[in-house]
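**Q** Okay, sequence plus prediction incoming.
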Amino acid sequence: MQRLYDFLRRHPTGVDSFWAVLLFGFSMAAVASSQSGPGSHNLIVVPGVVALCTAVALRRKHTVPMFWLAVAAGLYQLAVGGEVNAYDFAMLVVLFTVAAADVPRWLSRTALGWGLLASPLYFLRFGVDKGESGTGEVFFVLFMAIPFALAWVMGDSLRTRRAYYAQLVERNQRLENERAAQAKVAVAAERARIARELHDVVAHNVSVMVVQADGAAYVMDVAPEQAKEALQTISATGRLALAEMRRLLGVLRTGEPQESEDYVPQPDVEQIEVLVEQVRAAGLTVDFEVEGAPRKLPSGVELTAYRIVQEALTNTRKHGGPEARASVRLVYFDDGLGLLVEDDGRGAAHELYEDGGADGAGHGLIGMRERIGMVGGTLDAGPRPGGGFRISALLPLKKR
């Protein structure tokens, strides 16, 4: 049954032609049986019958021309004196089609006007000829106008429902497109975040491993114990880097971190001291100081603080020179957390930090500024007077 329904929907002209043929058959039978006088048939109305049946057959394919063809057929019927018969049902069908079709509103209203005029014109044509008048004829005119009005109202209601349905489809499509766009933006933001995380992990831990490996190679022959300690530091740092990378890749695979030995928690402010100790073990002298009363901060603020200190110390090892010293100060305010990371080495080149990065590829300070922006904080980075580099950040407890 569904296949038949789909077939009929795909071939509307064929369906209309079938009904037009049936209408033509009934109409010709009615014409043949009707007489306007003794022994004479109304064969003169046959062209009008053909025109109306043709309008029914092609009403959906050529709506506007078929409407005017139906109007012409109706006027022809009045001119030749054809009385109301079965073929006039085609006028109601064409009027319904025009009201339901996607045509200009003026044409739809014009069709309604012609439909309402059909009954008065019929009365004027046949009522005057027959000498009939009075209240009965008036009620007859009004009664005959009702089918045309109902046909137009039904067609216009169908057009309104179709337009409403089309608006719903368009709205749903627009919402789908917006959701797809938002999903792409979210994916891009998540990729950028993961890229920053991977950059921090790789840049910090690999730089520690490189420094330790160089030191181990330098003292391998003269101080085997120091070389052994350096290799142990390289091993521990490598394991830490692998653990953090597994955590990030685990988020990519499952969408949420999993509780297992391969995944570690997000770094927080308390682990900054561990980070400083790790950097000291790598050979960089770092002074660490905390002011104010430490307290639990939002996870986003704590992660941002940790990554800023990590990136700053990484840049010091890269660009501060062999004798550089660094200092890290955390200040707990009532409404936020202050960070100050300084070194007394040669610091990054002025043009590098102006371009937004100090890691040789332009991603270091860019990542810092993006992290700061995500929590609504401020960042000030640049060379210190007299040499060295300073990074100062203020992280509010609530995003502005």
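**A** Nice, thanks for sending it over.
**Q** Helices of the stretch 251-400 of the chain, residue ranges please.
**A** Secondary structure of the stretch 251-400 of the chain (DSSP state H, counting those that start in this stretch): helices at 272-281, 299-319, 350-354, 364-375.
**Q** Show me what the longest one is packed up against.
**A** Read that as helix 299-319. For helix 299-319, the elements it packs on are helix 135-219, helix 272-281, strand 325-332, strand 336-343, helix 364-375, strand 389-396, judged by 3 or more C-beta pairs under 8 Å, 6 or more residues apart in numbering; DSSP states H and E. C-beta: built from backbone N, CA, C; applies to glycine.
**Q** Quick one: mean pLDDT over it.
**A** For helix 299-319, the per-residue pLDDT values average out at 84.
**Q** That one versus strand 325-332: what angle between them?
**A** Relative orientation of helix 299-319 versus strand 325-332 (axes from the mean of the first three to the mean of the last three C-alpha atoms, to 10 degrees): 170 degrees.
**Q** And the last one, by the same measure?
**A** Taking the same axes, to 10 degrees, one finds helix 364-375 and strand 325-332 inclined to each other by 0 degrees.
**Q** what do you get for the first one?
**A** With the same axes, to 10 degrees as the basis, helix 272-281 and strand 325-332 are set at 180 degrees to each other.
**Q** What distance do you get for Ile44 to Ala51?
**A** Shown here: Ile44 relative to Ala51, a distance of 13 Å by C-beta to C-beta, to the nearest Å.
**Q** Those two - which one has more neighbours?
**A** Set side by side, Ile44 and Ala51 show unequal neighbour counts under other C-beta atoms under 10 Å, the larger going to Ala51 at 20 against 16.
**Q** what's that one in contact with, if anything?
**A** When contacts are counted by C-beta atoms under 8 Å, 6 or more residues apart in numbering, Ala51 is found next to 69-70, 72-73, 76.
**Q** any idea which residue sits dead centre in this protein?
**A** With distances taken as C-alpha atoms, centre = their mean, the chain has Glu178 as the residue nearest its mean C-alpha position (1.5 Å).
**Q** Looking at that one now. What's its pLDDT?
**A** pLDDT, Glu178: 90.
**Q** I'd like to know how far it sits from Ala189.
**A** Noted for Glu178: a distance of 16 Å to Ala189, by C-beta to C-beta.
**Q** what's the answer for Ala312, then?
**A** Distance, Ala312 to Ala189, by C-beta to C-beta: 24 Å.
**Q** ok, those two, which is more surrounded?
**A** Under the criterion of other C-beta under 10 Å, the comparison of Ala312 against Ala189 puts Ala312 first, with 25 against 11.
**Q** right, and the more buried one touches Ala393 too?
**A** No. Under the criterion of C-beta atoms under 8 Å, Ala312 is not in contact with Ala393, lying 9.2 Å apart.
**Q** low pLDDT regions in the protein?
**A** Along the chain, segments meeting pLDDT under 70 span 34-42, 127-134, 136-137, 190-191, 193-195, 197-204, 244, 247-266, 346-363, 398-400.
**Q** Gly82 in helix, strand or coil?
**A** Following DSSP: H, G, I helix; E, B strand; the rest coil, Gly82 is assigned to coil.
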